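*Asks:* Please find the sequence and the predicted model below.
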Amino acid sequence: AAGVIQSPRHLIKEKRETATLKCYPIPRHDTVYWYQQGPGQDPQFLISFYEKMQSDKGSIPDRFSAQQFSDYHSELNMSSLELGDSALYFCASSFRTSGGAADTQYFGPGTRLTVL
Amino acid sequence: AQTVTQSQPEMSVQEAETVTLSCTYDTSENNYYLFWYKQPPSRQMILVIRQEAYKQQNATENRFSVNFQKAAKSFSLKISDSQLGDTAMYFCAFMMFSNYQLIWGAGTKLIIKP
C-alpha cells in the first residue's frame, strides 16, 4: 500500500537560511499534519490542513508557514533557521469521515533537518 | 485538557517473552481513539494498534494486543513472543473524534535482548 512520502529525507542548512519540506499524503487522504520531534522527545504538533484549508494550529513558530496544494501535497516553509530548529519533521495524513470524525494518522519517514 | 501518561521510561525483556507497556490518560470526552505507535532506531513512526473508545472489545494485531479499561482510563499494550525487531520507543497517543490533534505520552523505550 502507498505510504506518506516526504522529501528531502535529510537537509543541512546554515543559521538564518530557509528550508522547504514537502509531504505527499496517502492517496485519497484529505488531511495533512506536520509534527516536530526533537531528540528523546515526543512529537510536537505544528499545523494541519483539511481540504487545502488550515485546520488546526499548534506550536508553530511565526517563522514557519505551511500550505496544502490542490493535489493535496503540503509544504512546510521554514525561514530564519535557528540551531533549535534542528529536529525530525514528520508529516502524517488521514482521511476525515463524512461525519467529520478524525481518523488514524499515518506517518511519513520524516525529514531530518540539521541547522549548523 | 487531555493528558497521556506513560510511567515506564524504559523496559527490557528477553526475546520470546511477553511484555506489557502501561498507558493512562485523562479526558472528560466520551468519543475518542487511542493508539500505540512504535518508533524503532530508524525513527520511522509506525502505527501498531488503535482502539475506538466506544468498542468494548480489545483490539488485537497479531502479537500485539491491548487491555482497554475505559472507566479506569487505562490502555496497556501487550507484546507476545517478543522479537528483536520489537526494540523501539513506544508512544501511546489519544485523539478525540472532534479534534484532530494527537496527544502523546512521553514514550517507553523497549529493549528486546537476545
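*Replies:* Structure's in. What do you need? What you see is a predicted model; the values in this text were computed from it and never measured.
*Asks:* number of nearby residues for residue 61?
*Replies:* Answering for chain A, as no chain was given. 14 (other CB atoms under 10 Å in any protein chain shown). The C-beta positions use only the backbone N, C-alpha and C, and glycine is treated the same way.
*Asks:* not what I meant, chain B
*Replies:* Using other CB under 10 Å: residue B:61 sits among 12 other residues.
*Asks:* so who does it touch?
*Replies:* Going by CB atoms under 8 Å, 6 or more residues apart in numbering or on different chains, residue B:61 touches B:48, B:49.
*Asks:* separation between it and chain A?
*Replies:* 13 Å (CB to the nearest CB, to the nearest Å).
*Asks:* tell me the centre residue of the chain?
*Replies:* Unless you meant another one, I'm taking chain A. Chain A has residue A:34 as the residue nearest its centroid, 2.8 Å off, counting by CA atoms, centre = their mean.
*Asks:* Sorry, I should have been clearer: chain B.
*Replies:* Nearest to chain B centroid, counting by CA atoms, centre = their mean: residue B:36, 3.3 Å.
*Asks:* so how far is residue B:56 from residue B:71?
*Replies:* Here the criterion is CB to CB, to the nearest Å. By it, residue B:71 lies 11 Å from residue B:56.
*Asks:* Sorry, slip of the keys, the one I care about is residue A:57.
*Replies:* Distance from residue A:57 to residue B:56, by CB to CB: 35 Å.
*Asks:* do the same with residue A:66
*Replies:* With CB to CB as the criterion, residue A:66 and residue B:56 are 39 Å apart.
*Asks:* Show me which of the two is the more surrounded one.
*Replies:* Between residue A:66 and residue B:56, counted using other CB under 10 Å, residue A:66 has the larger neighbour count: 22 against 7.
*Asks:* what pLDDT does the more buried one get?
*Replies:* Per-residue confidence at residue A:66 stands at 97 (pLDDT).
*Asks:* Show me what from chain B comes close to chain A.
*Replies:* Residues of chain B lying close to chain A (CB under 8 Å from any CB of the partner chain) are B:31, B:33, B:35, B:37, B:42-47, B:50, B:91, B:95-102, B:104-107.
*Asks:* Pull out the buried residues from those residues.
*Replies:* B:33, B:35, B:37, B:44-45, B:47, B:50, B:91, B:95-97, B:100-102, B:104-107 (16 or more other CB atoms under 10 Å in any protein chain shown).
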